[in-house]
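J.: No letters, just coordinates:
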């Protein structure tokens, strides 16, 4: 690179009053002009707006600038904006740097204008120093495999899969259960319009099962994912099914003849299934699997009735787990939620009372597809409960003991469950203990209000402090915070709206993909408002309750959004990657491997023959951990070289020496 | 095994039955309670004010007495004493500067306290040192057919750093009564408040609490309630008199210390239990259940 005299322009943004309210922007401009190499400086009220960007382009051309410093907000917000603008003016985008004088000067020192201004000037000075030594770069490129992987076959996963497949790309959908459908398939009816999931979900399941672009792996789990955006390799474990699905016709003869019954996972243990089973009658695919922990032949070596009965010889007792590999360019995580275990709640009896059920169990008890075909009975004695108490926020909104967050959907589904119960047991009494009713959503408030007023449901604002069994009743101690009175009531049955937690599969995938999570274990989105379906890992997207507690409409919307992100990624033939990556000076490197051990992205390999480190430029995220740890100085991060950092430190400490 | 023992005021008066039955049952198990000399009030309620050092002096001085005996731990019976001593001990262990102040105030003492004494409850000795299997070996007359509900109140299990068991669902007494041969009834109100010191000025509150706890116990089919706190005992036993006056349908229920049940199961002479100190006489129900003749 030929040596050039620096011709740097400094653009100081007011950000309305956000910066100009405490930082004297004109003084910053004047001080900037005194820095050697700065040939132009100005201020503008909103640099990020179109006129501000135009000003930047104009001045780059007018002053023939070869470097730009924009003093404004955090680079995570507008670095890209100004780099793109500079490119339009013919300046290499990597010769543009952001001096963050908002988050780092004006905001923390809003009440100390002099200090804020001094700090802003220092930040501008060091940024100018960095730009002087920034080299011109071009983004690296990599090809894109135009196939997607969706992990989790609940409603979010199904929706995302269908959207991508309909756009003409192949999708691999992996689901750990025998059938896709997820929790939605377990529900009775869905708020606020009360359609049954059979009417609105099963058509989508069938579509996913028969779509030419969709490859379904149910009863399978993602074992390992390697690679990077556009180029992931996925190892999938197909669990031993003991039924050859290529031969099986789904006639169900094996299920009919199987003598062994065990509690059904789909019915949450309230009903039974056979040892050879499908999750539910509308399962997709409708081929059964054999549970090796229940099957009499696989456990004790006797029976084989299903094998004799199967007309096509599909029973395969010597089946083994199988591993397949798939190549994909993008991943959507839709691993969903689980309810917090009621056994964790001491005040509600640690799960020891059979008639204290969680909301999903109650959902099965009122669902027409449930073990009782929608007849409401209580688990202990099979009697119809004449009084039911619903407890909102069991484990949610309780930072002292459990989880601080709101589980979001409980206010709505409790209203729905209360309604369905009242229709099934018209002389039944319903108590609903709540903190406050959160019915934000289209048609939600009207739904809850209609049920409250028309269905004679006793809503009591107050929490239940304790419950216990007395005879065949459950006694509740609670408070009515409107009247300030203590409430004591005996009911036949209690439904706990347990907190929504990330599913086990979510915790598992988070580890395998090294995704960031929030403090509760939900997958962290890249930006809570502006990048809600992306993760910080390029090419990995999220949708549904794996990201936060969410109802069906939100999950579906998010799934379609994630699908459209994937489709737009696939619309490019190559992907661009930031060139701010680590580089190795092979003359100096001794191949010690410390850099490899410090890399969080598995981007460094050691060439054992040549004894040097090699950086995969597409995997490298430019964090600089390797360059900090390198004992010989062979590893440097582009545009963050040791020379640059020392120069910056010199300038930064100037006024303190 | 000898262990320093801190009695506290009630154990010498209203809860003499608790003390005698505890000392005697411990003796059966090979544990000798050595009463600390010149003990003073435990402080009675743990001082919650962070700057009220004076409040910590009472309990800490008692620990100093144990130190002077050459002991490194002290056993308590009363839940209140246990809680106050343990929390004061935790406080000075965590705040070395405050311990210095406490020691400075006690300048007339021969030694200073260093935070090294371990505060234990008799139930912890039974569970962790002796073990339930060993206790079972000493049971001569199993409490067969006696339906017992354990009652912990607050001070044994709250707050967490002074708790000897799960604060919401403690189970140490239940395990003890099981090896004594009793029929243990899961008592859901075992950590409910007894009304505590309200008993002095707001008798009605405590009477109402007592009625609720005893009535619920009766609904659960419980014969006797067993506990470890003299104040709970006072409220749940003596306030039954007020409950009888106030609620026409109220029926009484004997309230015992866990050590009294041990004494019965170990077949110790009946007088170690000092049943005459009880308002509700336990003898009738014990006779009905065949525990005593």
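T.: Sure thing, it's come through. In this text, all values refer to a predicted model and were calculated from it rather than measured experimentally.
J.: C-alpha from now on. contacts and neighbour counts both.
T.: Fine.
J.: For residue 89, list the residues it contacts.
T.: As the question left the chain open, I've gone with chain A. Taking CA atoms under 8 Å, 6 or more residues apart in numbering or on different chains, we find residue A:89 in contact with A:57, A:58, A:60, A:61.
J.: Hmm, no, I was thinking of chain B.
T.: Residues counted as contacts of residue B:89 (CA under 8 Å, 6+ apart) are B:59, B:60, B:115, B:117, B:119.
J.: swap in residue B:280?
T.: Counted by CA under 8 Å, 6+ apart, residue B:280 has contacts B:237, B:238, B:240, B:252, B:253, B:254, B:255.
J.: residues near residue A:25, how many?
T.: When neighbours are defined as other CA atoms under 10 Å in any protein chain shown, residue A:25 has 24 of them.
J.: One more: residue A:484?
T.: When neighbours are counted by other CA under 10 Å, residue A:484 registers 9.
J.: Same question for residue A:108.
T.: Other residues lying near residue A:108 total 12 when counted by other CA under 10 Å.
J.: Then residue A:578?
T.: 16.
J.: you'd agree it is up against residue A:94?
T.: No: counting by CA atoms under 8 Å, residue A:578 sits too far from residue A:94 to count as a contact (9.8 Å).
J.: just checking, what packs against the helix or strand containing residue A:223?
T.: Using DSSP states H and E, residue A:223 maps to strand A:220-228. Applying 3 or more CA pairs under 8 Å, 6 or more residues apart in numbering or on different chains; DSSP states H and E, one finds that strand A:220-228 contacts strand A:170-174, strand A:231-238, helix A:504-513.
J.: Please identify which helix or strand holds residue A:648.
T.: Per DSSP H and E: helix A:642-652 holds residue A:648.
J.: list the buried ones in that helix?
T.: Of the residues in helix A:642-652, A:642, A:644, A:648, A:651, A:652 count as buried by neighbour count, 16 or more other CA atoms under 10 Å in any protein chain shown.
J.: Nearest to chain B among the residues you listed?
T.: Nearest to chain B among these, counting by CA to the nearest CA, is residue A:652 at 41.1 Å.
J.: Let me know whether that closest one touches residue A:127 as I believe.
T.: No: with contacts counted by CA under 8 Å, residue A:652 stays clear of residue A:127, the gap being 9.8 Å.
J.: Overlap of the contact sets of these two?
T.: Shared contacts of residue A:652 and residue A:127 (CA under 8 Å, 6+ apart): none.
J.: Return the residues in contact with the closest residue to chain A within the stretch 1-150 of chain B.
T.: The minimum distance from the stretch 1-150 of chain B to chain A, using CA to the nearest CA, falls at residue B:149 (13.9 Å). The neighbourhood of residue B:149, defined by CA under 8 Å, 6+ apart, consists of B:174, B:184, B:185, B:186, B:187, B:190, B:217, B:222, B:223, B:224, B:225, B:226.
J.: doesn't the second one fall inside a helix?
T.: In other words, residue B:184. No: looking at residue B:184 with DSSP: H, G, I helix; E, B strand; the rest coil, it is strand, so not inside a helix.
J.: which helices and strands sit right next to the helix holding residue A:648?
T.: Contacting helix A:642-652 under the criterion 3+ CA pairs under 8 Å, 6+ apart are the following elements: helix A:113-133.
J.: what's in contact with the helix it packs on?
T.: A:6, A:8, A:22-25, A:27-28, A:31-32, A:35, A:38, A:67-69, A:71, A:95-101, A:105-106, A:109-110, A:639, A:644-645, A:647-649, A:651-652.
J.: Can you flag the buried ones in those?
T.: Counted by 16+ other CA under 10 Å, the contacts of helix A:113-133 give A:6, A:8, A:22-25, A:28, A:31-32, A:38, A:67-69, A:71, A:95-101, A:105-106, A:109-110, A:639, A:644, A:648, A:651-652 as buried.
J.: which residue packs closest to residue B:68, ignoring adjacent ones?
T.: residue B:111 (7.9 Å; CA to CA, 6 or more residues apart in numbering or on different chains).
J.: hang on, the earlier thing: output the buried residues of helix A:642-652 in a markdown table, with pLDDT appended to each entry.
T.: Formatted as a markdown table, the buried residues of helix A:642-652 follow (pLDDT from 0 to 100):
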| residue | pLDDT |
| --- | --- |
| A:642 | 90 |
| A:644 | 92 |
| A:648 | 93 |
| A:651 | 91 |
| A:652 | 90 |
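J.: now those residues in CSV, with distance to residue B:85?
T.: Shown next, in CSV, are the buried residues of helix A:642-652 (distance: CA to CA, whole Å):
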residue, distance to residue B:85
A:642, 59
A:644, 61
A:648, 58
A:651, 59
A:652, 56
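J.: okay, and for the chain, where does confidence drop off?
T.: If you meant another chain, say so; for now it's chain A. The model of chain A has pLDDT under 70 over residues A:1-3.
J.: meant chain B, my bad for not saying
T.: Low-confidence regions of chain B, defined here as pLDDT under 70, cover residues B:50.
J.: What's the local residue count around the closest residue to residue B:118 other than its chain neighbours?
T.: Once flanking residues are discounted, residue B:118 sits nearest to residue B:73: 4.4 Å by CA to CA, 6+ apart. Residue B:73 sits with 16 neighbouring residues when counted by other CA under 10 Å.
J.: how far away is residue B:73 from residue B:119?
T.: 6 Å (CA to CA, to the nearest Å).
J.: Doesn't residue A:433 lie inside a helix?
T.: No: Residue A:433 is assigned strand when assessed by three-state DSSP, not a helix.
J.: The spatially closest residue to residue A:182 that is not a sequence neighbour - how many residues pack around it?
T.: The shortest distance from residue A:182 to any non-neighbouring residue, by CA to CA, 6+ apart, is to residue A:154 (3.9 Å). Residue A:154: 25 surrounding residues under other CA under 10 Å.
J.: same check, this time on residue B:251
T.: By the criterion of other CA under 10 Å, residue B:251 has 13 neighbours.
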